[in-house]
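Trainee: need a structure here:
(chains A, B, C and D)
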There are 2 protein chains.
Amino acid sequence: MTCKFNNTCTIFNKNLTLFDELSLEQQKLIEANKVTVTYKKGETICKQGAFASHIMHIKKGLAKVYLEGDASNLILKIAPSNSLIGMPAIYEGNNTFIYSVTTYTESTVDLIDMKVFKDLLQENAKFAFRTLNIMNENIIQIYGRFFCLSNKQLHGRIADILMCLKDRVYKKNKFEFSFSRSELAELTNMSTESVIRVMKNFKDDGLIHQENKTLQILNPDMLNKISSLG
Amino acid sequence: MTCKFNNTCTIFNKNLTLFDELSLEQQKLIEANKVTVTYKKGETICKQGAFASHIMHIKKGLAKVYLEGDASNLILKIAPSNSLIGMPAIYEGNNTFIYSVTTYTESTVDLIDMKVFKDLLQENAKFAFRTLNIMNENIIQIYGRFFCLSNKQLHGRIADILMCLKDRVYKKNKFEFSFSRSELAELTNMSTESVIRVMKNFKDDGLIHQENKTLQILNPDMLNKISSLG
DNA sequence: AATAGAAAATGATCTGGATCAGAATAAAAA
DNA sequence: TTTTTATTCTGATCCAGATCATTTTCTATT
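Mentor: Numbering: from 1, shown residues only, chains lettered A, B, ... in the order given. Model prediction:
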């Protein structure tokens, strides 16, 4: 099966900016009603089920957005810098976070008062429209990830995530690879042992090269092929 | 594993209405720029990859929204009456439908000119905010379905979809059940044979009763338990 | 009523990948 | 340095569920 959906990591190539749709006055309002916090690697930015008093905007860093199950988690997406987190909590009657977010790397996050954000959405149509499109980006990506995880098998999933990291997260062929095998397993919804085996295969076949924490993609064409064949 | 997510069918209990946020004048504008079409059972309302010249609003009926893969499809959600279809095509630069939609039953659909809809979103902040919240409903549901399909096993998935149909689609214990086993299989991402086996189990255990096209849920508590245990 | 064609049912087999158990490295802490 | 603890690696086993092959039942058509 060839597959048109190659977006396990759910990061969009282009990334809409949000706040330039606001008037100066409105920008100041946001400014006055936000705090900026720096989280260390592995810290939890927001917790599923907790009260959502603010919207989060990741200014710098990388985080995972996931649903917590009793037995295992489901990572919904990787959130890179310039991500908007917590939108579902805007939904009327739902004032709690529906997912948890934890940082992969040190991250700087703006926490914006929910009420202020909500009011601005209802005042400024251009701003609301832009937000709506950011949610669209998000939805399109989630659909792709959903498809990948439910249709592709192990090799395809790993190939997919590796290409995502290369093209969308780090944007180069050789990058500092901070994911452990078990983190990769969580991300691709497979067991750690299987990740290890597949990564070994890729290494033996000369598709990738890892030295300490540096990963290099040697044969992106082949990985793309594996990803699209499922 | 007990599971908090029981939403395979992705239909929300409450369903926001959209168009009452528009001024009379704006409602008339929509009225003047839409056509109403009735689709027969099994017809395709929109086709993945085709140009998206309009937004769709299902007024009556039931449809499936799905991604077409080469080997198999992935149903993203069931769209009941009062569903908004085609929002991702609003996204700047993306003027094609990212999914296909096919009716389960005869359905009446408003086709609203995309340009007009887009303009209204950028003019009327309340309308945009409401639309944004409808998208939120949608996202929350897709997350739930994603979780169910990737974490629950066969019995849990079938129990889940049956409860969805009972509680959210037909809203009664005994209903006209128009899904074939293979349609149920597509919906739960399992093989037709497995659906048959699980349904047989449920029948033998006195949880459900089917006579011709009428399905009755005899033991909703037990089905809920099975669903939440995964 | 007879024929054809779906859809449902059932058993047998196969397989992708998880799970388990243990060994080899690597990293961190004493 | 040695000890501890985590991570990676490897092989063996197991199992849920898909696939395959037939049969039975139901529905539609001539």
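Trainee: quick one, strands of chain A?
Mentor: For chain A, the strands defined by DSSP state E occupy A:34-39, A:44-46, A:54-60, A:63-68, A:73-79, A:83-85, A:100-103, A:107-113, A:174-176, A:208-211, A:214-217.
Trainee: with mean pLDDT and mean neighbour count added, can I get those strands in CSV?
Mentor: (C-beta placed from N, C-alpha, C; glycine too.) Output for these, formatted as CSV (pLDDT from 0 to 100; neighbours: other C-beta atoms under 10 Å in any protein chain shown):
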stretch, mean pLDDT, mean neighbour count
strand A:34-39, 96, 14
strand A:44-46, 94, 20
strand A:54-60, 94, 20
strand A:63-68, 95, 22
strand A:73-79, 94, 22
strand A:83-85, 94, 22
strand A:100-103, 95, 22
strand A:107-113, 96, 20
strand A:174-176, 90, 14
strand A:208-211, 91, 14
strand A:214-217, 93, 17
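Trainee: what about the residue nearest the centre of chain A, distance to DNA strand D?
Mentor: Residue closest to the average C-alpha location in chain A (C-alpha atoms, centre = their mean): residue A:78, at 1.7 Å. With distances taken as C-beta to the nearest atom of the strand, to the nearest Å, residue A:78 is found 18 Å from DNA strand D.
Trainee: right, and that residue touches residue A:169 too?
Mentor: Yes. Shown here, residue A:78 and residue A:169 form a contact pair, counting by C-beta atoms under 8 Å, at 7.0 Å.
Trainee: list the contacts for residue A:86?
Mentor: A:46, A:52, A:54, A:55, A:56, A:97, A:114 (C-beta atoms under 8 Å, 6 or more residues apart in numbering or on different chains).
Trainee: do the same with residue A:204
Mentor: No contacts exist for residue A:204 under C-beta under 8 Å, 6+ apart.
Trainee: same deal with residue A:126?
Mentor: By C-beta under 8 Å, 6+ apart, the neighbours of residue A:126 are A:21, B:122.
Trainee: helices of chain A, start to end?
Mentor: Assigned by DSSP state H, chain A shows helices spanning A:24-32, A:114-123, A:125-151, A:154-164, A:181-188, A:192-204, A:220-229.
Trainee: any idea which of the ones you listed is most buried?
Mentor: Greatest average neighbour count among the helices of chain A goes to helix A:154-164 (a mean of 24), per mean count of other C-beta atoms under 10 Å in any protein chain shown.
Trainee: quick one: it near chain B?
Mentor: No. For helix A:154-164, no contact with chain B is found by C-beta under 8 Å from any C-beta of the partner chain; the gap never falls below 11.9 Å.
Trainee: tell me which strands and helices that helix is in contact with?
Mentor: helix A:125-151, helix A:181-188, helix A:192-204, strand A:214-217, helix A:220-229 (3 or more C-beta pairs under 8 Å, 6 or more residues apart in numbering or on different chains; DSSP states H and E).
Trainee: recalculate using a threshold of 7 Å.
Mentor: helix A:125-151, helix A:181-188, helix A:192-204, helix A:220-229 (3 or more C-beta pairs under 7 Å, 6 or more residues apart in numbering or on different chains; DSSP states H and E).
Trainee: so what would you say the end-to-end distance of stretch A:182-196 is?
Mentor: Taking C-alpha to C-alpha, to the nearest Å as the measure, stretch A:182-196 stretches 9 Å from start to finish.
Trainee: and the residue of chain A closest to DNA strand C?
Mentor: residue A:153 (2.6 Å; C-beta to the nearest atom of the strand).
Trainee: surely that residue touches residue A:226?
Mentor: No. With contacts counted by C-beta atoms under 7 Å, residue A:153 stays clear of residue A:226, the gap being 10.2 Å.
Trainee: pLDDT value on the residue sitting furthest away from the middle of chain A, please?
Mentor: The outermost residue of chain A relative to its centre, with distances by C-alpha atoms, centre = their mean, is residue A:25 at 30.9 Å. Listed pLDDT for residue A:25 reads 94.
Trainee: same check, this time on residue A:18
Mentor: pLDDT at residue A:18 comes out at 82.
Trainee: quick one: contacts for the residue nearest to residue A:117 when sequence neighbours are not counted?
Mentor: Closest residue in space to residue A:117, ignoring its immediate chain neighbours: residue A:55 at 4.8 Å, by C-beta to C-beta, 6 or more residues apart in numbering or on different chains. Applying C-beta atoms under 7 Å, 6 or more residues apart in numbering or on different chains, we find residue A:55 in contact with A:84, A:86, A:112, A:114, A:117.
Trainee: which one of these is nearest to residue A:213?
Mentor: Of all these, residue A:84 has the smallest distance to residue A:213: 29.4 Å, by C-beta to C-beta.
Trainee: so what's that closest one up against?
Mentor: By C-beta under 7 Å, 6+ apart, the neighbours of residue A:84 are A:18, A:55, A:57, A:134.
Trainee: ok, of those, which one's closest to chain B?
Mentor: residue A:134 (9.3 Å; C-beta to the nearest C-beta).
Trainee: do you know the pLDDT at that closest one?
Mentor: 91.
Trainee: what of the one 5 residues further on?
Mentor: At residue A:139 the predicted local confidence, pLDDT, stands at 92.
Trainee: any idea of the pLDDT on the closest residue to DNA strand D within chain A?
Mentor: Going by C-beta to the nearest atom of the strand, DNA strand D is nearest to residue A:181 of chain A, at 3.3 Å. pLDDT recorded at residue A:181 is 95.
Trainee: good, wrapping up.
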